[in-house]
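# no sequence on this one, just coordinates:
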């Protein structure tokens, strides 16, 4: 797990919402009534979370004319979108810039990893009295999915929570990433720690009990524990369709090769297969962006090559499958990093300026929306908030971000508490 500067690991605050011991069967039971969104531009989404907070200046918002201690060590390169330049260490994404939009000048004030992560994964500023549902939970609730497939898959885990929507909309986590040329088993998938192995042991035990005590009476809670939702859960996770969706080793070599062999690249390959199979929402996490020291070495030697290869291949693959227009791709971290390079060749937390990438779902590619000031200190003009990114994301899926839900106590809450759609993103 990635350890942050404050000593916490991602595991310390990556939780599957307020799950309370829900089994996969319970998850399916409570998801049975999920509604369908009409007239949506996109019908699925991939959310790429860059955990730790990537430097906006060293990625998609470079400042080549700023002083050296701000612009950093990297040069910029042209993209295939006229007038758009990004870091020299993102050459593959530069050649795909016509497929995505860059949102610059995003700003907020939460400089801690945990709160920033909650904010950017839900779209509403965290408050102590309420846990907001993450994007995947809302999409799972609003858009009906294939009954043979999980609706919300996290590769390998996600900080997104079900929040006040309840455990029925929590993610299924793979807890691992595929390895090149090897089968990727769904057996490690879990919901609140209950893996397929655990489920099948329970399934066998109750089956044995059913056989042994079949004449003991129909009201036994043990025997009746495997209701139709339990059987559906088992059938789903072991269904040929699910197994095929997760079988990245069956991908043709010419399709798999562009993704590379990094964990992130292989995760992106799996994400593409899941979307093609009919999964509604997939998260992919690439951590390690908390670069207080050795920022440029970490980015150049590790993080940027992984991001460049994996994300470019994901966009290209979705496009080749004819799925990019119906799949929203949203890439963001929890904040940006300080414009001024520190004494350890690093950059520190900086929520006042950050950027995001968005593609698909009616988003106009090949453009930059918004801007930061000349030194990347903050927005140039009013800028955008994470709430506006969230509203725009939901807009691509035909989901009204102002739709009102109710907590279990009856409290009315909008999907996105504040914010509006960034109209400039759309053609």
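That came in fine, so what should we check first? Here the structure is a predicted model, which means the values were calculated and not measured.
# Give me the contacts around stretch 73-90.
The contact list for stretch 73-90 (Cβ atoms under 8 Å, 6 or more residues apart in numbering) reads 58-60, 62, 64, 91, 93-98, 102, 296, 299-300, 304-305, 307-308, 365-368. Yep, even glycine has a C-beta here, placed from its N, CA and C like the rest.
# which parts of that stretch are buried?
Within stretch 73-90, the residues scored as buried using 16 or more other Cβ atoms under 10 Å are 74, 76, 79, 81, 84, 85, 86, 87, 88, 89, 90.
# can you tell me how far the first one sits from residue 167?
Residue 74 sits 44 Å away from residue 167 when distances are taken as Cβ to Cβ, to the nearest Å.
# same deal with the second one?
According to Cβ to Cβ, residue 76 stands 46 Å off from residue 167.
# just the fourth one next, same as before
Applying Cβ to Cβ, one obtains 42 Å for the distance of residue 81 from residue 167.
# cool, the last one as well?
Distance of residue 90 to residue 167, computed by Cβ to Cβ: 39 Å.
# just so I have it, where are all the helices in the stretch 301-427 of the chain?
304-320, 386-396 (DSSP state H, counting those that start in this stretch).
# buried residues in the shortest one?
Buried residues in helix 386-396, counting neighbours by 16+ other Cβ under 10 Å, are found at 386, 387, 388, 389, 390, 391, 392, 393, 394, 395, 396.
# Residue 256 against residue 250, yeah?
No - contact criterion Cβ atoms under 8 Å: residue 256 and residue 250 do not qualify, at 9.5 Å.
# and the two? which has more neighbours close in?
residue 256 (22 against 12; other Cβ atoms under 10 Å).
# give me the number of residues near residue 277?
The burial count for residue 277: 15, using other Cβ under 10 Å.
# Contact partners for the closest residue to it other than its chain neighbours?
The spatially closest residue to residue 277, leaving aside those adjacent along the chain, is residue 245, at 3.6 Å (Cβ to Cβ, 6 or more residues apart in numbering). For residue 245, the contacting residues are 149, 273, 274, 276, 277, 278, 279, by Cβ under 8 Å, 6+ apart.
# same deal with residue 133?
17, 122, 141, 160, 161, 162, 163, 164, 165, 169.
# Among those, which one sits closest to residue 410?
Checking the contacts of residue 133 against residue 410 by Cβ to Cβ gives residue 164 as the nearest, at 10.9 Å.
# where does that closest one land in three-state SS?
Secondary structure of residue 164, reduced to three states by DSSP: H, G, I helix; E, B strand; the rest coil: helix.
# how many other residues sit next to the nearest residue to it once chain neighbours are set aside?
Distance criterion Cβ to Cβ, 6+ apart; nearest residue to residue 164, sequence neighbours excluded, is residue 407 at 4.3 Å. Other residues near residue 407 number 15, with proximity taken as other Cβ under 10 Å.
# can you give me the strands in the stretch 101-250 of the chain?
Per DSSP state E, counting those that start in this stretch, the stretch 101-250 of the chain carries strands over the ranges 101-106, 152-155, 172-173, 190-191, 194-195.
# Comparing those strands by mean pLDDT, which bottoms out?
Lowest mean pLDDT within the strands of the stretch 101-250 of the chain: strand 190-191, a mean of 52.
# ok, and the most crowded of the contacts of residue 133?
Result: residue 160 is most packed of the contacts of residue 133 (other Cβ under 10 Å), 31 neighbours.
# hang on, the earlier thing: for residue 155, state which of the contacts of residue 245 is nearest.
residue 274 (8.3 Å).
# ok now do that closest one, which residues does it touch?
Contacts of residue 274 by Cβ under 8 Å, 6+ apart are 149, 153, 245, 246, 282.
# Now do it against residue 145, distance only.
Residue 274 is 11 Å from residue 145, by Cβ to Cβ.
# do residue 173 as well
17 Å.
# do residue 87 as well
Taken as Cβ to Cβ, the span from residue 87 to residue 145 is 36 Å.
# Can you check the pLDDT for residue 393?
98.
# again, but for residue 409
For residue 409, pLDDT reads 89.
# what does residue 206 give?
50.
# so where's the stretch 301-427 of the chain shaky on pLDDT?
427 (pLDDT under 70).
# redo that, cut-off 50
Scanning the stretch 301-427 of the chain for pLDDT under 50 picks out nothing.
# related to what we said a few turns ago, which one of the strands of the stretch 101-250 of the chain has the most crowded surroundings?
strand 152-155 (a mean of 27; mean count of other Cβ atoms under 10 Å).
# where exactly do the helices run in the stretch 51-200 of the chain?
Under DSSP H, counting those that start in this stretch, the stretch 51-200 of the chain gives helices at 68-71, 91-94, 113-122, 135-142, 196-212.
# Quick check, residue 317 in contact with residue 272.
Yes - contact criterion Cβ under 8 Å: residue 317 and residue 272 qualify, at 4.7 Å.
# Tell me which of the two has more neighbours.
It is residue 272, of residue 317 and residue 272, that has more neighbours when counted by other Cβ under 10 Å, with 26 against 23.
# phi, psi of that one?
With angles defined as degrees, to the nearest 10, residue 272 sits at phi -60, psi -40.
# Offset the numbering so it begins at 643, please.
Got it, the first residue is 643 from now on, which makes the last one we talked about residue 914.
# which one of the contacts of residue 887 sits closest to residue 768?
For the contacts of residue 887, the nearest to residue 768 is residue 921 (27.3 Å; Cβ to Cβ).
# three-state assignment of the closest one?
Residue 921 - assigned by three-state DSSP - is coil.
# go on, residue 688?
Strictly by three-state DSSP, residue 688 counts as strand.
# Any idea what it is bridged to?
Note on residue 688: beta-bridge partners residue 924, residue 971, judged by DSSP bridges.
# count of residues packed around it?
Around residue 688 there are 27 residues (other Cβ under 10 Å).
# do the same with residue 798
Neighbours of residue 798 (other Cβ under 10 Å): 18.
# same deal with residue 964?
Every residue meeting other Cβ under 10 Å relative to residue 964 is counted, giving 9.
# Against residue 740, how distant is it?
As judged by Cβ to Cβ, residue 964 and residue 740 stand 17 Å apart.
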